[in-house]
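[1] fold the following for me, if possible:
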Amino acid sequence: MLLQFIYAFFSTLGFAVIFNLEPRKAVTASIGGGIGWIVYSYCLEMTQTESTSFLLGAVALTLFGEIMARKMRTPVTSFVTAALIPLVPGSGLYNTMLESLSGNYSGAASSLINTMNNAGALSIGILLVFTGSRAYTYYQSTRGAIK
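    Just a heads-up that it's a prediction; the model follows:
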């Protein structure tokens, strides 16, 4: 698991540098990418379902990004965009193209549906945390105003 965290950390760090994040923020985003990958790997071992693992990995890294963005006073997207890189279902897209080019269209369709499910799970995980965070912030700001 530690080795997987290190791989995810450095892959995220590479993209954080490409995205021109400041060094401190790049390291923070890389930790988020590592956390997301570890949660994904652990859930994949426990549940054996890719989509659920992608969802929970996205929730973990987005939650980490939300917390760190508030502490470092920076936009959440700077952390989440870089941290998502290890979870992007690139192998699914590759397999879809491979099956399609080799003439196995039913295999390509199956691979495409699986890849779209995984990408959708990532989107839903991010959306859940973003929406929950905004609702919490709104509640905190209006708690004293509404009586």
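
[2] can I get stretch 117-127 in PDB? Just the C-alpha atoms.
    Output in PDB follows, covering the C-alpha atoms of stretch 117-127 (Å, rounded to 0.1, in the frame of the first residue of the first chain):
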ATOM      1  CA  ASN A 117     -19.800   4.000 -15.100                       C
ATOM      2  CA  ASN A 118     -16.400   4.600 -13.500                       C
ATOM      3  CA  ALA A 119     -16.100   8.200 -14.800                       C
ATOM      4  CA  GLY A 120     -19.700   8.800 -13.600                       C
ATOM      5  CA  ALA A 121     -18.800   7.500 -10.200                       C
ATOM      6  CA  LEU A 122     -15.900   9.900 -10.000                       C
ATOM      7  CA  SER A 123     -18.200  12.800 -11.000                       C
ATOM      8  CA  ILE A 124     -20.900  11.800  -8.500                       C
ATOM      9  CA  GLY A 125     -18.300  11.500  -5.700                       C
ATOM     10  CA  ILE A 126     -16.900  15.000  -6.400                       C
ATOM     11  CA  LEU A 127     -20.500  16.400  -6.700                       C
END
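
[3] what's the spacing between that stretch and its chain's center?
    8 Å (CA atoms, centre = their mean, to the nearest Å).

[4] which parts of that stretch are buried?
    Within stretch 117-127, the residues that qualify as buried are 117-119, 121-122, 125-126, counting by 16 or more other CB atoms under 10 Å. Every C-beta, even on glycine, is put in place using the N, C-alpha and C of the backbone.

[5] just the closest of those to residue 56, please.
    Closest approach between the buried residues of stretch 117-127 and residue 56, by CB to CB: residue 125, at 7.0 Å.

[6] now do the same contact list for that closest one.
    54-59, 62 (CB atoms under 8 Å, 6 or more residues apart in numbering).

[7] much appreciated, bye for now.
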